[in-house]
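Participant: with the sequence up front, the predicted model follows.
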Amino acid sequence: MKQKLIAGNWKMNGSLAANAALLGGIQHGLAQAFNGRKAQVAVCVPAAYLSQVQQITQGSGIELGSQDVSAQEQGAYTGEISCAMLKDFGVRYAIVGHSERRQYHAETDALVAAKAQRALAAGITPIVCVGETLAEREAGKTEEVVKRQLAAVIHANGHCISEIVVAYEPVWAIGTGKTATPEQAQAVHAVLRAQLKAATEHSDRVQILYGGSMNAANAAELLAQADIDGGLIGGAALKSADFLTIIAAAAR
Ligand code: 13P
């Protein structure tokens, strides 16, 4: 059975001092517990801190991720960061299509698909975020929205789609303390799994993470669902004790 993946998305938080303290706490906890049970652990940090976090986490088993990546290879794209640059810092994962990027930076399904494609070509695993807004859920459009978002990525990436990670993050649950119930989350994860199954014979390999106010108290119940293969954690990833509790719930 595949391991679960717990990825922290630090968003625009942190400082040299705070990052060192947070990672110190996480590494200390990881070294103490778990009795051989395992989960994959990653931290997706602000680009400015990739070098620092690479140095601190080297050899610790904590994988490094970015929160975005350019769809372009290189050149006159001020402010953008390329896959090759991320690779220089040992980056394994790149979040693409986070709802905050879609909302505040007008990222389209097509752009998100292009970013995923660029990452895959460079050997970086894209964590492709999909999720509906509250208005879309209330209008009964959840399935339609997440399928449209994932379809763009499937269309652009063909059989390589089995190499991505998907994160279902209902927009109404992000940073609100309002978590999807395990049943609500599982229902959408099952839809996404079926969509992947139609696209690749290796769909079981794809980890589908849940994100949106996942925390130390609700992680175990969410992670017990059949198609929830891990979590993409915002606020609770900034506290080592909470992050460790979520990792423990995912480890087996
Ligand atoms: P919160 O866990 O803070 O709700 O954030 C979730 C998220 O957006 C992770 O990418």
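Facilitator: Right, received. Where do you want to start?
Participant: from the chain's centre, how far out does stretch 197-216 sit?
Facilitator: Chain-centre distance of stretch 197-216: 10 Å, with CA atoms, centre = their mean, to the nearest Å.
Participant: same check on stretch 240-247?
Facilitator: 16 Å.
Participant: with stretch 15-22 instead?
Facilitator: 21 Å.
Participant: pretty sure G177 sits in a helix.
Facilitator: No. Per DSSP: H, G, I helix; E, B strand; the rest coil, G177 lies outside any helix segment and is coil.
Participant: what sits against the closest residue to it other than its chain neighbours?
Facilitator: Residue nearest to G177 in three dimensions, not counting chain neighbours: S213, with 5.3 Å by CB to CB, 6 or more residues apart in numbering. C-beta: built from backbone N, CA, C; applies to glycine. Neighbouring residues of S213 by CB atoms under 8 Å, 6 or more residues apart in numbering: 173-179, 234-235.
Participant: can you do 6 Å?
Facilitator: 173, 177, 179 (CB atoms under 6 Å, 6 or more residues apart in numbering).
Participant: please report how far it lies from the ligand.
Facilitator: For S213, the distance to the ligand equals 4 Å [CB to the nearest ligand atom, to the nearest Å].
Participant: could you say which helix or strand contains that residue?
Facilitator: Under the criterion DSSP states H and E, no helix or strand holds S213.
Participant: list phi and psi for it.
Facilitator: phi 60, psi 30 (degrees, to the nearest 10).
Participant: distance check, it against M12.
Facilitator: 18 Å (CB to CB, to the nearest Å).
Participant: the residue in the stretch 101-250 of the chain positioned nearest to the ligand and C129: what is the separation?
Facilitator: Closest contact between the stretch 101-250 of the chain and the ligand, by CB to the nearest ligand atom, is at G234 (2.2 Å). Applying CB to CB, the value for G234 to C129 is 12 Å.
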